[in-house]
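Undergrad: okay, predicted coordinates and the sequence, questions at the end:
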Amino acid sequence: PRGTKYSAREDMALVKAWTHVSEDPVRGANQKKTALAQRLRDRFVLSGPKTGDADVAKKDFHPKRWTGRAPADLFRRAKDLIKQAKSLDGKHRQVLKKKKKKKK
């Protein structure tokens, strides 16, 4: 069975965690996939809800939801989000190029 869908809050935290982990100057870009996935999960959980947070009652911000995500699942989701962002950026650049040509 599939897991719970990711919320927008989780997606944002995951992208921030990916950026932090993948751009770590000490570990560099040559990290093994399993180690990178585990560090990603650790950073993701760290940015999640803490006991006593006012938002913990919200369904998408429950601590078990965040800590229950497997490293491999988070890794896959992060890669999907990065791919979507790059695609969107490419489309945005095409639109800007077309607008620039029309002005000439």
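TA: Alright, I've got the coordinates.
Undergrad: phi, psi for residue 6 please.
TA: Backbone geometry at residue 6, expressed as degrees, to the nearest 10, gives phi -80, psi 140.
Undergrad: which pLDDT value goes with residue 46?
TA: Note for residue 46: predicted pLDDT of 86.
Undergrad: what is the burial count for it?
TA: Per other CB atoms under 10 Å, the neighbour tally for residue 46 reads 12. Where C-beta positions appear, they are placed from N, C-alpha and C, glycine not excepted.
Undergrad: quick check: chain neighbours aside, which residue is closest to it?
TA: Once flanking residues are discounted, residue 46 sits nearest to residue 17: 7.9 Å by CB to CB, 6 or more residues apart in numbering.
Undergrad: what sits against the one you found?
TA: By CB atoms under 8 Å, 6 or more residues apart in numbering, the contact set of residue 17 is 40, 43-44, 46-47, 74, 78.
Undergrad: got a quick ChimeraX command for the buried subset of those residues?
TA: Entered in ChimeraX, the line below selects the buried ones among these, by 16 or more other CB atoms under 10 Å:
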select :40,43,44,74,78
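Undergrad: so which of the contacts of residue 17 sit within helices?
TA: Mapping the contacts of residue 17 onto helices (DSSP state H) picks out 40, 43-44, 46, 74, 78.
Undergrad: follow-up on the earlier one: tell me the secondary structure for the residue nearest to residue 46?
TA: Three-state assignment for residue 17 (DSSP: H, G, I helix; E, B strand; the rest coil): helix.
Undergrad: same question for residue 5.
TA: Secondary structure, three-state DSSP: residue 5 is coil.
Undergrad: tell me the pLDDT at it?
TA: Model confidence at residue 5, given as pLDDT, is 84.
Undergrad: and it, how far from residue 67?
TA: Using CB to CB, to the nearest Å, residue 5 is found at 17 Å from residue 67.
Undergrad: which residues touch residue 74?
TA: Each residue near residue 74 by CB under 8 Å, 6+ apart is listed here: 14, 17, 37, 40-41, 44.
Undergrad: how does it look with 7 Å?
TA: By CB atoms under 7 Å, 6 or more residues apart in numbering, the contact list for residue 74 reads 14, 37, 40-41, 44.
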